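Student: can you look at this prediction? I've put the sequence above it.
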Amino acid sequence: MILEFLYRRQHYKTIKITIGSKRLNAIVADTLTKKIIGLMFRGGLPKDTCMLFLFDSEAKQGIWMRNMKFPIDILWLDERKRISGMKKGAHPGKGFFDFETYYPERPSKYIIEFQSGYLSKNKVAPSTKVDFK
């Protein structure tokens, strides 16, 4: 499959982000290919790690669950890095054409994906402060 071929050839940088009082390593999806692939083909995320998607402008950015192997929590952030949407426990589909796309309530410029359960375990709420450079 072409997406898996492309995934194996991507080089990802990581940055530190802060969510509430917790510091995490964020795998950065900063190209179109990396954004399309997201967390596809991975078996999970290491402890204290998430994926950060960077977009050029605000829009209702969707997250799809194609080729995902584990459920995730999703945070959408506006251009001021305020939470503009949350989804807990987004589950992968069961087949190639069986997947759902999730959207925020309001436009976003950034998206952060976590292993499912992170948002509840760390009591992340719409007022939680998020910061990264």
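Tutor: Perfect, thanks for sending it. The structure displayed is predicted, hence computed values, not measured ones.
Student: all strands of the chain, in order?
Tutor: Assigned by DSSP state E, the chain shows strands spanning 14-19, 22-29, 49-59, 63-64, 72-77, 83-90, 101-102, 108-115, 130-131.
Student: export those as TSV, with columns for mean pLDDT.
Tutor: Putting these into TSV (pLDDT from 0 to 100) gives the following:
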stretch	mean pLDDT
strand 14-19	98
strand 22-29	97
strand 49-59	96
strand 63-64	87
strand 72-77	97
strand 83-90	95
strand 101-102	90
strand 108-115	97
strand 130-131	96
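Student: who's in contact with the residue nearest the centre of the chain?
Tutor: Computing the C-alpha centroid of the chain and ranking residues by C-alpha atoms, centre = their mean puts residue 113 first, at 2.5 Å. Shown in contact with residue 113 (C-beta atoms under 8 Å, 6 or more residues apart in numbering): 38, 39, 50, 51, 53, 63, 72, 73, 74, 75. All C-beta atoms are positioned from the backbone trio N, CA, C, and that covers glycine.
Student: which of these has the most neighbours?
Tutor: Counting neighbours by other C-beta atoms under 10 Å, residue 72 leads the contacts of residue 113 with 28 neighbours.
Student: of the contacts of residue 113, which is the nearest to residue 109?
Tutor: residue 53 (9.3 Å; C-beta to C-beta).
Student: check the burial of the nearest residue to that closest one once chain neighbours are set aside by counting its neighbours.
Tutor: Closest residue to residue 53 apart from its sequence neighbours, by C-beta to C-beta, 6 or more residues apart in numbering: residue 111 at 4.1 Å. Neighbour count of residue 111, defined by other C-beta under 10 Å: 24.
Student: pretty sure residue 111 is in contact with residue 61, am I right?
Tutor: Yes - if you go by C-beta atoms under 8 Å, residue 111 and residue 61 touch, sitting 5.8 Å apart.
Student: coming back round to it: mind listing what the residue nearest to residue 53 touches?
Tutor: 52, 53, 55, 61, 63, 74, 75, 76, 77.
Student: much appreciated, bye for now.
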